[in-house]
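Asks: when you get a sec, could you give me coordinates for this:
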Amino acid sequence: MYNKIAVIGDKDSVLAFKSVGAEVFDSSTADETRALIKKLSQGGYAVIFVAENLAEQIPDTLAKCKTVTFPAVVPIPTTEQSSGLGMQGIKNDVEKAIGVDIIFNK
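Replies: Below you'll find the model as predicted:
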């Protein structure tokens, strides 16, 4: 059963998610992040949020995650400046699903 939420990123960026019931995992490298996603994918997680700065380093892993139903792997902005990767991914997925850009209307 998929009923857990995980957040992967540096300690400063993910610690707040612990207060709302998400399980947090500290990671600072692409290899650590790949290994965590692989492990969590087999552990009943419905959603895995990944800090944008780490997600940018593992596009191959993110692409592979899009081919399965669970878990949903979603890049999120961190305490550093956002690159827009998370919002762009959501925009692309919505546009692919319904055939039109309803987020930015472009």
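
Asks: contacts, neighbours, all on C-alpha from now
Replies: Fine.

Asks: quick check: bridge partners of the closest residue to residue 27 other than its chain neighbours?
Replies: Of all residues not flanking residue 27 in the chain, residue 9 sits nearest, at 5.1 Å (C-alpha to C-alpha, 6 or more residues apart in numbering). For residue 9, the beta-bridge partners under DSSP bridges are residue 26.

Asks: all strands of the protein, in order?
Replies: If DSSP state E is used as the criterion, the strands of the chain fall at 4-9, 23-26, 45-51, 72-76.

Asks: next up, the contacts around residue 75.
Replies: Applying C-alpha atoms under 8 Å, 6 or more residues apart in numbering to residue 75 gives the contacts 49, 50, 51, 52, 55, 85, 86, 89.

Asks: one more time with 10 Å, if that's ok
Replies: 7-8, 48-56, 62, 84-90 (C-alpha atoms under 10 Å, 6 or more residues apart in numbering).

Asks: tell me how far it lies from residue 58.
Replies: 11 Å (C-alpha to C-alpha, to the nearest Å).

Asks: do the same with residue 24
Replies: 19 Å.

Asks: can you check residue 1 too?
Replies: Between residue 1 and residue 58 the computed distance is 26 Å (C-alpha to C-alpha).

Asks: out of the two, which sits in the more crowded spot?
Replies: residue 58 (15 against 7; other C-alpha atoms under 10 Å).

Asks: burial measure for the residue lying closest to the more buried one once chain neighbours are set aside, as a count.
Replies: Residue nearest to residue 58 in three dimensions, not counting chain neighbours: residue 30, with 6.3 Å by C-alpha to C-alpha, 6+ apart. Residue 30 has 16 neighbouring residues, counting by other C-alpha under 10 Å.

Asks: please list all residues in contact with residue 30.
Replies: 36, 53, 54, 55, 56, 57, 58, 61.

Asks: now the buried members of the contacts of residue 75.
Replies: Among the contacts of residue 75, those classed as buried by neighbour count (16 or more other C-alpha atoms under 10 Å) are 7-8, 48-56, 62, 85-87.

Asks: closest to residue 71 among those?
Replies: The shortest approach to residue 71 among the buried ones among the contacts of residue 75 belongs to residue 48, at 6.5 Å (C-alpha to C-alpha).
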